[in-house]
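Chemist: Following is a predicted model, sequence given first.
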Amino acid sequence: VQLVESGGGWVQPGGSLRLSCGGSGRTWSYYAMAWFRQAPGKEREIVAGISRTGSPTYYADFVKGRFTMSRDNAKNTVYLQMNSLKPEDTAVYYCAARSKGHFWEVSSDATDFDPWGQGTQVTVSS
């Protein structure tokens, strides 16, 4: 059972990146998914979440209007489209599958999620 993120990298402020997260060992379309991030010296925080069906979604206030989370259940993959990136978006981004409680519903609580991917670095700087 494994989740793998990709798509991270370096981008200038105002730029865009698209993160992808795919998994093996399980049919991830059964589960709500989420993206979290952790910057150096800071706690891990929720970025966005999505239900099993793709709606509803949840966004942290600091990404509303800039980031969009989506999923393609046929491809067993979730995405995070990040636009208008800011230096404060610099962090390691993790995807995770909800395994506790109503696992098909969107959640912002990190304790609801397992497993987690290994993370992908996003760096926003000029």
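Modeler: Received, thanks. Numbers count the residues shown, from 1 in each chain.
Chemist: so the most centrally placed residue in the chain is in which element?
Modeler: In the chain, the centroid-proximal residue (Cα atoms, centre = their mean) is W35; its distance is 2.0 Å. Assessed by DSSP states H and E, W35 sits inside strand 33-38.
Chemist: Mind giving me the packing neighbours of that strand?
Modeler: strand 17-24, strand 45-50, strand 77-82, strand 91-98, strand 113-116 (3 or more Cβ pairs under 8 Å, 6 or more residues apart in numbering; DSSP states H and E). In this view, the C-beta of every residue, glycine as well, is placed from N, C-alpha and C.
Chemist: neighbouring strands for the last one, and are they parallel or not?
Modeler: Within its sheet, strand 113-116 is paired with strand 91-98 (antiparallel), according to DSSP bridges.
Chemist: Once you drop chain neighbours, what's closest to the residue nearest to the centre of the chain?
Modeler: Spatial nearest neighbour of W35, chain neighbours left out: V47 (4.4 Å); criterion: Cβ to Cβ, 6 or more residues apart in numbering.
Chemist: low-confidence ranges in the protein?
Modeler: 1 (pLDDT under 70).
Chemist: returning to what we had before: give me the contacts around the strand holding W35.
Modeler: Strand 33-38 has contacts (Cβ atoms under 8 Å, 6 or more residues apart in numbering) with 19, 21, 44-50, 58, 69, 71, 78, 80, 89, 91-98, 106-108, 110, 113, 116, 119, 122.
Chemist: If any of the residues you listed are buried, give me the ChimeraX selection for them.
Modeler: Buried residues among the contacts of strand 33-38 (16 or more other Cβ atoms under 10 Å), as a ChimeraX selection:
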select :19,21,44,46,47,48,49,50,58,69,71,78,80,89,91,92,93,94,95,96,97,98,106,107,108,110,113,116,119,122
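Chemist: Contacts only, for C21.
Modeler: Neighbour list for C21: L3, V4, E5, S6, M33, W35, T77, V78, Y79, L80, C95, G117 [criterion: Cβ under 8 Å, 6+ apart].
Chemist: Could I get these in CSV, plus columns for distance to G15?
Modeler: Formatted as CSV, these follow (distance: Cβ to Cβ, whole Å):
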residue, distance to G15
L3, 25
V4, 23
E5, 18
S6, 17
M33, 24
W35, 18
T77, 22
V78, 21
Y79, 17
L80, 14
C95, 21
G117, 23
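Chemist: Much appreciated, bye for now.
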